[in-house]
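J.: fold the following for me, if possible:
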Amino acid sequence: MKEITLNNDEETIIRVVEKASGLSYSEIKSRKRKENIAIARNILGVLLRQEHYIQFNRIGQIVNRNHASIVYYCKTWQDNYDGWPEYRRLFDKCMNIMQSQNVITNMQIEIAKRQIDE
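T.: Sure thing, here's the model as predicted:
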């Protein structure tokens with residue numbers, strides 16, 4: 001597998017997901033399909049896209065998947081969050097870590113907008 005150089009934004013999101021999941025980056029980007037690894041990989045892809053608008057192909061390189069997988073992650077994240085307790089727990093944990101680092105996230109802004117519209 002070709003090594004890629006990560007920028008600071010990418011490194012930050014990776015470290016957040018590592019800390020929240022207890023997994024290493026090498027485990028997250030592995031080909032393993034174990035549920036906890038798949039959830040962490042999915043959330044990493046979603047956060048990279050939602051928080052930093054990184055291109056699908058680039059995210060695919062970061063998580064060792066093709067761009068179509070990343071598109072799928074992003075299309076299904078809300079359903080996963082609503083109906084998959086393990087996904088919601090890890091996603092919330094990642095958001096809490098980012099919030100504790102005083103980062104206002106794009107995802108928090110979107111959630112706030114939805115709550116105002118309801």
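
J.: what's the least confident helix or strand in the chain, going by average pLDDT?
T.: One helix or strand of the chain scores below all others by mean pLDDT, DSSP states H and E: helix 106-117, with a mean of 68.

J.: residues near the spatially closest residue to Ser30 that is not a sequence neighbour, how many?
T.: Counting by CB to CB, 6 or more residues apart in numbering, the nearest residue to Ser30 once its immediate chain neighbours are dropped is Ile37, at 6.8 Å. Yep, even glycine has a C-beta here, placed from its N, CA and C like the rest. When neighbours are defined as other CB atoms under 10 Å, Ile37 has 17 of them.

J.: tell me the contacts of Ile37?
T.: 23, 27-28, 30 (CB atoms under 8 Å, 6 or more residues apart in numbering).

J.: so of those, which ones are in helices?
T.: Mapping these onto helices (DSSP state H) picks out 27-28.

J.: and the contacts of Ile37 as JSON lines, adding pLDDT and neighbour count?
T.: Below are those laid out as JSON lines (pLDDT from 0 to 100; neighbours: other CB atoms under 10 Å):
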{"residue": "Leu23", "pLDDT": "98", "neighbour count": "21"}
{"residue": "Glu27", "pLDDT": "98", "neighbour count": "16"}
{"residue": "Ile28", "pLDDT": "98", "neighbour count": "25"}
{"residue": "Ser30", "pLDDT": "96", "neighbour count": "16"}
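
J.: out of the contacts of Ile37, who's nearest Glu11?
T.: For the contacts of Ile37, the minimum distance to Glu11 (CB to CB) is 13.2 Å, reached by Ile28.

J.: relative to Asp117, how far out is that closest one?
T.: Relative to Asp117, Ile28 is positioned 34 Å away (CB to CB, to the nearest Å).

J.: next one: Asp82
T.: As defined by CB to CB, Asp82 lies at a distance of 17 Å from Asp117.

J.: between these two, who's got more neighbours?
T.: Remark: of Asp82 and Asp117, Asp82 carries more neighbours, 9 against 6, as counted by other CB under 10 Å.
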